[in-house]
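# Sequence first, then the predicted structure, then my questions.
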Amino acid sequence: MPTGAVITFSLNFLSAVVALLTSYYSYKVNRLVSNPVLGAISIGFMLLGIGLAVEAGTSLLSGVTLVEIVAERLLVLLASYTYLTIQMIAYLVIAVGYARAAYAGRPTSFAPAAVAAAGTVALNLFRYSLLSYFVALILLAFVVFQGLLLRSRDKNRFSAIVLLAFVLVLAAHVVLLFSVIVLGTDLFLIGTLVQFLGFLSLLVFVVRSEVIGPG
């Protein structure tokens, strides 16, 4: 297996584990504080963990990264579509959670628009990859913006560290989107690494919050 595929598999597998652990500990902390953001993170990162596990299996079975797939077997293509779709849904869930927290339950027109965007299906993997990473980028930008609003209202440790984690994930998706546009394997690996660091920083925070308490 090429080195790029090995690194991608390792990072995606570790990111899947981190995402699922983040989901678990967010759920536990949310039971104590009943925070809509933590609830959304718990659901969203559970979906991300499943999606990343699918993507890790794709790179392991095919021996190539997502940006190198051109004419692989139907199973590999289906797995790639599944991962990209789950990723969009996961970030949509997190974005809606942030919207609920920022607007205190008031209705917002963003969620239906995001659902419509996420429901758009492209004709091939390249176009669908562009669509999914672009939608994820928009959703993450929305999450970061809402995080800044929450941070301006309540300058606590939770809002600061969670905001930093999502800024890292947003930066990762900027790189990932560009890597799909130029089909750059090195850029894809960099984006995957930055995404892993964002996931890991959030996991460290929620585990620490579960042990010593939120706040």
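All right, it came through fine.
# May I ask you to name the longest helix in the protein?
Ranked by number of residues, the top helix in the chain under DSSP state H is helix 3-33.
# Show me how far that helix is from its chain's centre.
10 Å (Cα atoms, centre = their mean, to the nearest Å).
# In it, which residues are buried?
For helix 3-33, the neighbour count (16 or more other Cβ atoms under 10 Å) marks 4-5, 7-9, 11-27, 29-30 as buried. C-beta here means a position set from N, CA and C on the backbone, and glycine is covered the same way.
# Helices along the protein, start to end?
Under DSSP H, the chain gives helices at 3-33, 36-62, 74-102, 110-118, 125-153, 157-182, 185-212.
# Which of the ones you listed has the lowest mean pLDDT?
Here the helices of the chain differ in mean pLDDT, and the lowest is helix 110-118 at a mean of 44.
# Test my guess that Ala56 contacts Asn12.
Yes - Ala56 is within contact range of Asn12, at 3.9 Å (criterion: Cβ atoms under 8 Å).
# quick one: Arg151 and Leu164 touch, right?
No - with contacts counted by Cβ under 8 Å, Arg151 stays clear of Leu164, the gap being 10.1 Å.
# Can you give me the neighbour number for the nearest residue to Tyr25 once chain neighbours are set aside?
The spatially closest residue to Tyr25, leaving aside those adjacent along the chain, is Val206, at 4.1 Å (Cβ to Cβ, 6 or more residues apart in numbering). Val206: 28 surrounding residues under other Cβ atoms under 10 Å.
# measure the residue nearest to Tyr91 when sequence neighbours are not counted to Leu203 for me?
Distance criterion Cβ to Cβ, 6+ apart; nearest residue to Tyr91, sequence neighbours excluded, is Leu139 at 4.0 Å. As judged by Cβ to Cβ, to the nearest Å, Leu139 and Leu203 stand 20 Å apart.
# Tell me which of those two has more neighbours.
Each of Leu139 and Leu203 has its neighbours counted (other Cβ under 10 Å); Leu139 has more, 28 against 22.
# list the contacts for that one?
The neighbourhood of Leu139, defined by Cβ atoms under 8 Å, 6 or more residues apart in numbering, consists of Met88, Tyr91, Leu92, Ile94, Ala95, Ala114.
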